[in-house]
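Participant: here's a sequence, model it:
(chains A and B)
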Amino acid sequence: MPNLKSIKTKISSIKNTRQITKAMKMVAGSKFKKNQSAMNEFRAYASAYDEVIKNISGNTVLRLHPFYGKITEKGSKSGGNAGIIIISTDRGLCGSFNINLFKLFFEESKSKALDSSKIKLYILGKKGYDFFKKNNYNIAFGMTYFDGAPIFNLTALLCDTVLKDFKNNDIDSVHIISNRYISTLQQKADSEKLLPFEMFKTGDKGKSGGYLIEETVNYEGEIIDKIFTTYIRTKIYYKILESFAGEQAARMNAMDNATRNAGKLINKLTASYNKARQAAVTLEILDIINGVNAVK
Amino acid sequence: MMLRLKIVNKNGLIFEGDAGFCEIPADAGIEGVMPGHVNFISNLAPGVIKYKIGETYNEITVSEGGFAEIGNDNVNILLDS
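Facilitator: Next up, the predicted model:
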């Protein structure tokens, strides 16, 4: 017979856990709303930027820009170093949110046949940093959100590091792996190529004609450089916002599940507690009746 | 013929719609844009964006700059602030 007291302590400890997960769910919920609205506000800007880049990418002048890679000069660049930005989270307890990123990373590096020595990682978030550190990857940049800098400065720092490496030919391509926010219930790990920009195919003229680039600045590359740099920054910033919203949504779900499971467990334990108590009571009554019968 | 105008900043969409004319505080000076304007890209200086819908002029203040892209009567203005 299970010990009544041990069941009781188990129940009360699970009740405490349930309380905690419930509270965490609420906290995640309120943070989620904030992050989600930040993401939605920025979305218009990010998508307008995408459109602009798409429009102007047909311009042949722009291809001289280093962001288009230097394939023509050096021949094939495949086999070079790859830079990968990974946007993970600082805190755990958000289900498979981070694990999905790592899985995608391994899949990607396998499918591209990248050697781990040729990968340079730029990581945001403690979870990702710890994971790749443990697996002995080459981490060129690692930062947690705790470090205090506002997210936009963090993005700028990350972006500058990546672009510097790219321009110095330390890395030949930049991919970003982050969680895409699809809905509250669904976040998907996603990998996107940031650099170099896709070459415009000759047949694919699109609607873009030639662009005049205003020449107040002495060097017309300056504005293009600014636009492209800001574009990368915008893109990364948006990904971070998306990951933030997704993180809280994932945590909300995880905590909701935990709360529900705790409830189920409590029900089960309460049933077995009642059973055990009833058995004890019956036994006692039998004892008493037997005693009375013996005395008679 | 109308211009397809889109103005955004980091806090969201400010305006999207058709306009007959718009005026942009480009770095080189104020630039008027009408339908059929040559495609161009420019930085923006602080100033005022004006655009005309019907007969009324609307104004948006640019406090921190940004940039504008005009291509085939699509005007995209991205403000930094």
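Participant: C-alpha only now, for contacts and for neighbours.
Facilitator: OK.
Participant: who is residue A:188 paired with across the strands?
Facilitator: Counting by DSSP bridges, residue A:188 is bridged to residue A:180.
Participant: doesn't residue A:182 make contact with it?
Facilitator: Yes: in this structure, residue A:188 is within contact of residue A:182 by C-alpha atoms under 8 Å, at 7.1 Å.
Participant: quick check on those two: which one has the bigger neighbour count.
Facilitator: residue A:188 (16 against 11; other C-alpha atoms under 10 Å in any protein chain shown).
Participant: leaving out the residues flanking it, which one is nearest to residue A:165?
Facilitator: residue A:171 (6.0 Å; C-alpha to C-alpha, 6 or more residues apart in numbering or on different chains).
Participant: SS state for the one you found?
Facilitator: coil (DSSP: H, G, I helix; E, B strand; the rest coil).
Participant: any figure for the gap between it and residue A:162?
Facilitator: 9 Å (C-alpha to C-alpha, to the nearest Å).
Participant: ok so, going back, so how many other residues sit close to the residue nearest to residue A:165?
Facilitator: Neighbours of residue A:171 (other C-alpha under 10 Å): 21.
Participant: returning to what we had before: can you pull the residues that touch both of residue A:171 and residue A:162?
Facilitator: By the contact definition C-alpha atoms under 8 Å, 6 or more residues apart in numbering or on different chains, residue A:171 and residue A:162 are jointly contacted by residue A:83.
Participant: ok, residue A:11 - contacts?
Facilitator: Contacts of residue A:11 by C-alpha under 8 Å, 6+ apart are A:266, A:269-270.
Participant: what does the stretch 1-150 of chain A put close to chain B?
Facilitator: By C-alpha under 8 Å from any C-alpha of the partner chain, the part of the stretch 1-150 of chain A that sits against chain B consists of A:40-45, A:48-49, A:52, A:55.
Participant: one more time with 6 Å
Facilitator: Listed as neighbours of chain B in the stretch 1-150 of chain A under the rule C-alpha under 6 Å from any C-alpha of the partner chain: A:41-42, A:44-45.
Participant: nearest to residue A:252, of these?
Facilitator: Nearest to residue A:252 out of the residues of the stretch 1-150 of chain A next to chain B is residue A:41 (C-alpha to C-alpha; 21.7 Å).
Participant: what helix or strand is that closest one located in?
Facilitator: Take DSSP states H and E as the rule and residue A:41 turns out to sit in helix A:4-56.
Participant: off-centre distance for that helix?
Facilitator: The chain centre lies 12 Å from the centre of helix A:4-56; the measure is C-alpha atoms, centre = their mean, to the nearest Å.
Participant: circling back to that earlier point, the residue nearest to residue A:165 contacts residue A:67, doesn't it?
Facilitator: No: counting by C-alpha atoms under 6 Å, residue A:171 sits too far from residue A:67 to count as a contact (11.9 Å).
Participant: any idea how many residues pack against residue A:86?
Facilitator: Residue A:86: 25 neighbours (other C-alpha under 10 Å).
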